[in-house]
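# Here is a sequence together with a model predicted from it:
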Amino acid sequence: MTAAENVCYTLINVASDSEPPSEVSLKADLEKGEIKAKTEALKKVIIMILNGEKLPGLLMTIIRFVLPLQDHTIKKLLLVFWEIVPKTTPDGKLLQEMILVCDAYRKDLQHPNEFIRGSTLRFLCKLKESELLEPLMPAIRACLEHRHSYVRRNAVLAIYTIYRNFEHLIPDAPELIHDFLVNEKDASCKRNAFMMLIHADQDRALDYLSTCIDQVHTFGDILQLVIVELIYKVCHANPSERARFIRCIYNLLQSSSPAVKYEAAGTLVTLSSAPTAIKAAAQCYIDLIIKESDNNVKLIVLDRLIELKEHPTHERVLQDLVMDILRVLSTPDLEVRKKTLQLALDLVSSRNVEELVIVLKKEVIKTNNVTEHEDTDKYRQLLVRTLHSCSVRFPDMAANVIPVLMEFLSDTNEAAAADVLEFVREAIQRFDNLRPLIIEKMLEVFHAIKTVKIYRGALWILGEYCSTKEDIQSVMTEVRRSLGEIPIVDNEIKKETGEVKPEDEVSAAPAQKLVTEMGTYVTQSALSSSRPSKKEEDRPPLRGFLMDGDFYVAASLATTLTKVALRYVALVQDKKKQNSFVAEAMLIMVTVLHLGKSSLPKKQITDDDVDRISLCLKVLSECSPLMNDIFNKECRRSLSHMLAVRLEEEKLSQKKESEKRNVTVQADDPISFMQLTAKNEMTSKEDQFQLSLLAAMGNTQRKEAADPLASKLNKVTQLTGFSDPVYAEAYVHVNQYDIVLDVLVVNQTSDTLQNCTLELATLGDLKLVEKPSPLTLAPHDFANIKANVKVASTENGIIFGNIVYDVSGAASDRNCVVLSDIHIDIMDYIQPASCTDAEFRQMWAEFEWENKVTVNTNITDLNEYLQHILKSTNMKCLTPEKALSGFCGFMAANLYARSIFGEDALANVSIEKPLHLGPDAPVNGHIRIRAKSQGMALSLGDKINLSQKKANV
């Protein structure tokens, strides 16, 4: 058995720069030193033994001069020493000196001090030599009746481990512990005793539980947790026992301990699928989320609720609890709120949608009253999107939602306002009956809009959907109000020279005489209540945008004015009024053009915007039926088509989700009856406790290849050559946040290799957790060394190093074998994810690291190349399938993925098929990758470069 396989429970941190002392000096300290010197010497001995030194000469010294001491620190150090010191001769027989040690521990088990008794019992749990334990058995049994609970509970643990390892030493252990359990009052002792019975004699444990099943709710939480585990295991193995214990689990849902409630709810769901059981478990989960302050706990329990929802029959039960689930929104954490809203949206039905909307409206109003915070804006966005989805699925709700949301168009947070605007645009197109209400509210808030992007969208909606004469006139009023006096250039120049004071502007409005017949514009001006301050502050919103050089809004304004003017001409028969309205629209466009060409704005108007405004002027001057049709019908048709496609996509994705959830049963599938199922067949069910333990250890069961052995072999990396004196290969096991290297080291020589050490170093965001301990390898022997590497971020990491060793009896320096590099694949940390187009664009603008990869492949089909990239990079294509279908010689697609560390990776694929080079010409183009960190962008680029070169078609 090699040193690396020796079992040691105690981990000790060693300073790497300390100099190892000599055996002679240690012996002197242990024999003649003071208590303090002996303590230090003993610590050094322990460290040296842990590092592979044998030190047989010190064993008798410690027995003679240290073992009799009564100092508690020394006694504790001795427990560690006896745990790690070799206790047998090379041929496997117990050392004679250990008899003396055994006698010392028999005395310690009868010591009046409870700490010494308890710690000695804990030490006996780690002993693996039955010859040492046999003389101590009467003393261990006696400790079960000690007055102190610390001694009793450790005595139970000692009896359990001895019974498990050497049953012949204490064959009556289950009976002994059962009697102890019946009379015991201390919670921790009862827990340990019950735990032992579960694993050693389950029938006795069930007998005990049956006698006290009505008192379970009065037990301590540690014992309750063990009882839940027992019930789960028993019912898992023998389903007929469910009826006997399910009432007990129901009672434990009312426990005062959150951990017990959580485990009981999880167990109840696995034992019963009755609606009452599911409802009780879900209610328990919701209470836990609300009462627990830790956000991680909230997220974990929310995940359990989401898992419940995935089951079609459970979903109906959870639909009745939507209002309870919404209580979780009181949590300030954004991630918790996001998951809660998504869950509520998945569960909403026509029965509870009204209540849901009322709660969400209250939450939206609350966000307006709290002090501004980064998460407040994001939360408002989430609420808006949830209300949007509710209104689309349940059109009756839209009328209640729209007035509240329209207030947020004037919000300073552009993202939330943009979401509202998108919702309003969809609502006004889909629900004809709501158009008057939306137009009315839009005109109310129009003057208060603060951001240019929202202003543009609002202008478009007003221009597209104002269909009555009064609405059209109101739109013109609002446009003039937000533009100020015209002509703009003359007005601004007069302001600069001081000829016109802001207060006097109301009376200076010659342009308004154009439309006096309407009686609408005579006295209206945005500056009627201005106060003397900076000119920029006094400017109306639209004029402010134009003076800042944002003339894209001017192009949008020109289109809106053209639409409403053409519609006005169709509605009003009076030629004079027609001409008057069209002339005013044209005047506004001309004055904006004039401003754009002047030197007054910060940036001059672009040629594109000039062309657009000029086109609108030409359309208004000619008023041809074709242009009328394009402006007033084609735009709306395009929007309608886009919304229809989006709705179709949503329905398709929902259909896929529901198909995933619905368990399809074939007509010829065998029916399994629980009562008739053999016990060994029951083991095919997954043990939840085992799964949770594996998850906690990081060994999550991934869906590996069809042959798990083959998939393991794929991850084996050869580190040295076959002709090297030491052969090494590593199996790289990637967990979520760490990598375990299982290195096989083979001594290929006929010499004994001493102090054979694996020395590792890392490159990238990797960190070696602990230094592997040295080994001694016999000729042609082999050993496994494990090394843990912690991963902090997503980038390609490299692990490199060497193996150093001494040859037994040789006088030469240490020998060294250099290892091949191990490359850690970024793909183990990247998962496909989805985001909206707006979020993608925002991240694309924000992320500063870009990596441009040139396409270099032998794939000849565009779609095939895209699928190949998606497969090799683990990214998700955000561009809809319809946009990618068909063949036109080029393709552009957006890809997105997120790492387990929360890092985002974006990619834009722009590829084309050079048709002039023939049908067999390979795809060419570029892939641009953007990420927040340099490592992510470079690593993903390297991955794409490697995978596209490997493609064999």
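That came through fine. Fair warning: this is a prediction, and the values are worked out from it, not measured in the lab. Residues are numbered from 1 along each chain as shown.
# I'd say Phe219 and Lys190 touch.
Yes - with contact defined as C-beta atoms under 8 Å, Phe219 counts as touching Lys190 (7.5 Å). For glycine as for every other residue, the C-beta is placed from the backbone atoms N, C-alpha and C.
# who's more crowded, the two?
More crowded of Phe219 and Lys190, by other C-beta atoms under 10 Å: Lys190, with 24 against 20.
# Work out for me the element that one sits within.
Using DSSP states H and E, Lys190 sits in helix 187-200.
# Who are the packing partners of that helix?
Other elements packing on helix 187-200 under the criterion 3 or more C-beta pairs under 8 Å, 6 or more residues apart in numbering; DSSP states H and E are helix 149-165, helix 173-183, helix 202-211, helix 221-237.
# Redo those as TSV? Include mean neighbour count and distance to Leu341.
Below are these laid out as TSV (neighbours: other C-beta atoms under 10 Å; distance: least, C-beta to C-beta, whole Å):
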stretch	mean neighbour count	distance to Leu341
helix 149-165	22	46
helix 173-183	17	48
helix 202-211	16	42
helix 221-237	21	31
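# could those go into CSV alongside mean pLDDT and distance to Cys466?
Formatted as CSV, those follow (pLDDT from 0 to 100; distance: least, C-beta to C-beta, whole Å):
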stretch, mean pLDDT, distance to Cys466
helix 149-165, 88, 80
helix 173-183, 84, 82
helix 202-211, 80, 75
helix 221-237, 79, 65
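# In a markdown table, list these along with distance to Pro112.
Putting the helices and strands packed on helix 187-200 into a markdown table (distance: least, C-beta to C-beta, whole Å) gives the following:
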| stretch | distance to Pro112 |
| --- | --- |
| helix 149-165 | 11 |
| helix 173-183 | 22 |
| helix 202-211 | 32 |
| helix 221-237 | 28 |
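# looking at these, which is closest to Leu617?
helix 221-237 (77.8 Å; C-beta to C-beta).
# Which residues does that closest one contact?
187-188, 190-191, 194-195, 198, 202, 205-206, 209, 216, 219, 241-242, 245, 248-249, 252, 255-257, 259-260, 263-264, 267, 270-271, 679, 682, 685, 687-689 (C-beta atoms under 8 Å, 6 or more residues apart in numbering).
# let's see 7 Å
Among residues not part of helix 221-237, those counted as contacts by C-beta atoms under 7 Å, 6 or more residues apart in numbering are 187-188, 190-191, 194-195, 198, 202, 205-206, 209, 216, 241-242, 245, 248-249, 252, 255, 257, 259-260, 263-264, 267, 270-271, 679, 682, 685, 687-689.
# cool, and stretch 838-855?
Contact partners of stretch 838-855, identified using C-beta under 7 Å, 6+ apart, comprise 418, 878, 894, 896, 904, 906, 911, 923-934, 937-938, 941, 944-945, 948.
# Filter these down to the ones in strands?
In this view, the contacts of stretch 838-855 that belong to strands under DSSP state E are 894, 896, 904, 906, 911, 924-931.
# Arg351: which of the residues you listed is nearest?
Closest to Arg351, out of all of these and judged by C-beta to C-beta, is Tyr896, at 35.8 Å.
# What count of nearby residues applies to that closest one?
19.
# Pretty sure it sits against Leu878.
Yes - in this structure Tyr896 lies within contact range of Leu878 using C-beta atoms under 7 Å: 5.4 Å.
# Can you check which residues contact both of those two?
The contact lists of Tyr896 and Leu878 share 834, 840, where a contact means C-beta under 7 Å, 6+ apart.
# what helix or strand is Gln342 on?
Assessed by DSSP H and E, Gln342 sits inside helix 334-347.
# Out of the contacts of helix 221-237, which end up buried?
By neighbour count, with 16 or more other C-beta atoms under 10 Å, these hold 187-188, 190-191, 194-195, 198, 202, 205-206, 209, 216, 242, 245, 248-249, 252, 255, 260, 263-264, 267, 271, 688-689 as buried.
# circling back to that earlier point, show me the two of the ones in strands among the contacts of stretch 838-855 that sit farthest apart.
So, the ones in strands among the contacts of stretch 838-855 by C-beta to C-beta: farthest apart are Asp904 and Asn924, at 27.5 Å.
# So for those two, which residue has more residues nearby?
Higher neighbour count among Asp904 and Asn924: Asp904, with 20 against 15, using other C-beta under 10 Å.
# Tell me how far the more buried one lies from Glu407.
32 Å (C-beta to C-beta, to the nearest Å).
# before we move on, what about Leu58?
82 Å.
# Which one's more surrounded, these two?
Shown here are Leu58 and Glu407; by other C-beta under 10 Å, Leu58 has more neighbours (22 against 16).
# so that one sits right up against Val45, yeah?
Yes - using C-beta under 7 Å, Leu58 is in contact with Val45, at 6.1 Å.
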